[in-house]
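S.K.: sequence plus predicted model, see below.
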Amino acid sequence: DGGITQSPKYLFRKEGQNVTLSCEQNLNHDAMYWYRQDPGQGLRLIYYSQIVNDFQKGDIAEGYSVSREKKESFPLTVTSAQKNPTAFYLCASSIQGGGGETQYFGPGTRLLVL
Amino acid sequence: AQSVTQLGSHVSVSEGALVLLRCNYSSSVPPYLFWYVQYPNQGLQLLLKYTTGATLVKGINGFEAEFKKSETSFHLTKPSAHMSDAAEYFCAVKVNSGYALNFGKGTSLLVTP
């Protein structure tokens, strides 16, 4: 089955620690995205990538980093500079970045701070 | 810049009653509009979207929405609510030159027996 997988489902971060969230898609999509969801605030864009080896900051990129070395993969690192990382993180992909293309979402990773 | 306002963070309906979830957008250029549904601790699933053409859009699970440019609205409706419709619903807007979806804050739908 084609789709988007995210791992782990739950992730615990200690203070000062960097953690990496995995996102893999087998839909052959060019564009991939990372969103952060907080209760009552909808989803906010962290980073997006239109093509391999290229990515752009979204609205709330501070304290996060990404890489796009393969078309299928778009991992997100939450660095120690992100002071309030507790949230639900959603990865998405679309055939292309522009136009009215549908973004398909993964099941999410919930990050909690110890 | 484009934005979305969803009126009502919580909506409660009886099973079998009409579902109406409101979404208004602001955009200086023709928008693309989306409705997504999210069940607890899951990702988002597309219900329907408007890009061009017919302004009444039919989606999955019996939902539909009408794009009204004069009212800058894209309200989501379903004639008869089912218990399984209880979830969080998000309206989102995008423009042709952009890459990200701009989401509303969501509406939580409760369906009572």
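M.R.: Now that the structure is in, tell me what you want to look at. Residues are numbered from 1 along each chain as shown, chains lettered A, B, ... in the order given.
S.K.: could you pull out the strands for chain B?
M.R.: Secondary structure of chain B (DSSP state E): strands at B:3-7, B:10-14, B:19-26, B:31-38, B:44-50, B:56-58, B:64-68, B:73-78, B:87-95, B:102-103, B:107-112.
S.K.: could you dump those strands into a markdown table with mean pLDDT, mean neighbour count and distance to residue A:44 added?
M.R.: Using the backbone N, CA and C atoms, a C-beta is placed for each residue, glycine as well. Shown next, in a markdown table, are these (pLDDT from 0 to 100; neighbours: other C-beta atoms under 10 Å in any protein chain shown; distance: least, C-beta to C-beta, whole Å):
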| stretch | mean pLDDT | mean neighbour count | distance to residue A:44 |
| --- | --- | --- | --- |
| strand B:3-7 | 94 | 17 | 12 |
| strand B:10-14 | 97 | 14 | 21 |
| strand B:19-26 | 96 | 19 | 17 |
| strand B:31-38 | 95 | 24 | 15 |
| strand B:44-50 | 96 | 20 | 13 |
| strand B:56-58 | 96 | 14 | 25 |
| strand B:64-68 | 96 | 18 | 23 |
| strand B:73-78 | 97 | 21 | 20 |
| strand B:87-95 | 93 | 23 | 12 |
| strand B:102-103 | 92 | 24 | 8 |
| strand B:107-112 | 97 | 17 | 17 |
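S.K.: redo those as JSON lines? Include distance to chain A.
M.R.: Output for those, formatted as JSON lines (distance: least, C-beta to the nearest C-beta, whole Å):
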{"stretch": "strand B:3-7", "distance to chain A": "8"}
{"stretch": "strand B:10-14", "distance to chain A": "10"}
{"stretch": "strand B:19-26", "distance to chain A": "12"}
{"stretch": "strand B:31-38", "distance to chain A": "4"}
{"stretch": "strand B:44-50", "distance to chain A": "4"}
{"stretch": "strand B:56-58", "distance to chain A": "12"}
{"stretch": "strand B:64-68", "distance to chain A": "12"}
{"stretch": "strand B:73-78", "distance to chain A": "13"}
{"stretch": "strand B:87-95", "distance to chain A": "6"}
{"stretch": "strand B:102-103", "distance to chain A": "4"}
{"stretch": "strand B:107-112", "distance to chain A": "9"}
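S.K.: which one of those strands lies nearest to residue A:21?
M.R.: Nearest to residue A:21, of all the strands of chain B, is strand B:44-50, at 16.6 Å by C-beta to C-beta.
S.K.: how far off centre is the closest one?
M.R.: The chain centre lies 8 Å from the centre of strand B:44-50; the measure is C-alpha atoms, centre = their mean, to the nearest Å.
S.K.: residues of chain A that sit close to chain B?
M.R.: Counting by C-beta under 8 Å from any C-beta of the partner chain, the residues of chain A lying close to chain B are A:4, A:6, A:31, A:33, A:40-45, A:48, A:50, A:56, A:58-59, A:88, A:90, A:92, A:97-100, A:102-108, A:110.
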